[in-house]
Structures are given as structure tokens and as C-alpha cells.
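Visitor: Prediction below, plus the sequence it came from.
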Amino acid sequence: MTLKQIRNNKTVRFLSNRYVLILIVFLIWMTFFDENSFLIDREFNKEINKLETDKNFYQTEINADKKKIEKLEDPEQLDKYAREEYNMKKENEDIYIIEYDTIQ
């Protein structure tokens, strides 16, 4: 193929058009090098999704803690919780822990 035949090829003529070249350079620039490139945008979207799942997790934890706080406003429930979780006792009270041996 000679140079003249290559120049007359339809794809070469299309790709050598200055507007097409500018468009190709622009697309490459916007995809890889720009401050708001496609790659950076994709990373930000991943981070946003992660933060939204964290937010949902903490919202459910907050709701569970609110229910527990409402339950502990009752003095009897607070006393029961303190005894079970923190092994607390009242004054003048003795606690005996009985452990059973299990035979396996």
C-alpha cells in the first residue's frame, strides 16, 4: 500500500479529522487525567456506598440502644440489668454463685 492509498482509506480519513482527534484527546483526558475523571468518580461512589451502609448500621444500633434506654428507665429493670451484667448487689446482701458440673 502506498501513502496515497492509506490516506484515501475511509477510517484513516475519519480518524485524521481534527475534530475527531480533539474529541479523542478530550475523552482520554476526562477519563484519566481530569480532577473529576471517571476513575475518581467511581472511587467516590464506592466510598459513598460504604458510608451509607455504615450509616444504616449505626442507625439500627442507635434505635436498639434507645429501646434499651427506655426499658432501663424502669427501676426494676435497671436493678435487674445491673445484677445480671455487672454482678452488682444491694447493701447487706450476700450473693452465692452456684456452678453445676456438667458430665460429658
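Guide: Nice, I can see it. Numbers count the residues shown, from 1 in each chain.

Visitor: What segments of this structure are helices?
Guide: For the chain, the helices defined by DSSP state H occupy 3-8, 10-15, 18-28, 38-72, 75-86.

Visitor: Mean neighbour count added to those helices, as JSON lines?
Guide: In short, each C-beta sits where N, CA and C put it, glycine included. Formatted as JSON lines, these follow (neighbours: other CB atoms under 10 Å):
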{"stretch": "helix 3-8", "mean neighbour count": "9"}
{"stretch": "helix 10-15", "mean neighbour count": "10"}
{"stretch": "helix 18-28", "mean neighbour count": "10"}
{"stretch": "helix 38-72", "mean neighbour count": "10"}
{"stretch": "helix 75-86", "mean neighbour count": "11"}
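
Visitor: Dump the ones you listed to TSV, plus distance to Ile98 and mean pLDDT.
Guide: Formatted as TSV, the helices of the chain follow (distance: least, CB to CB, whole Å; pLDDT from 0 to 100):
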stretch	distance to Ile98	mean pLDDT
helix 3-8	96	75
helix 10-15	87	79
helix 18-28	76	88
helix 38-72	27	95
helix 75-86	15	87
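
Visitor: separation between Pro75 and Arg13?
Guide: Plainly put, Pro75 is 89 Å away from Arg13 if you go by CB to CB, to the nearest Å.

Visitor: which outside residues touch stretch 11-18?
Guide: By CB atoms under 8 Å, 6 or more residues apart in numbering, the residues outside stretch 11-18 that reach it are Ile6, Arg7, Val20, Leu21.
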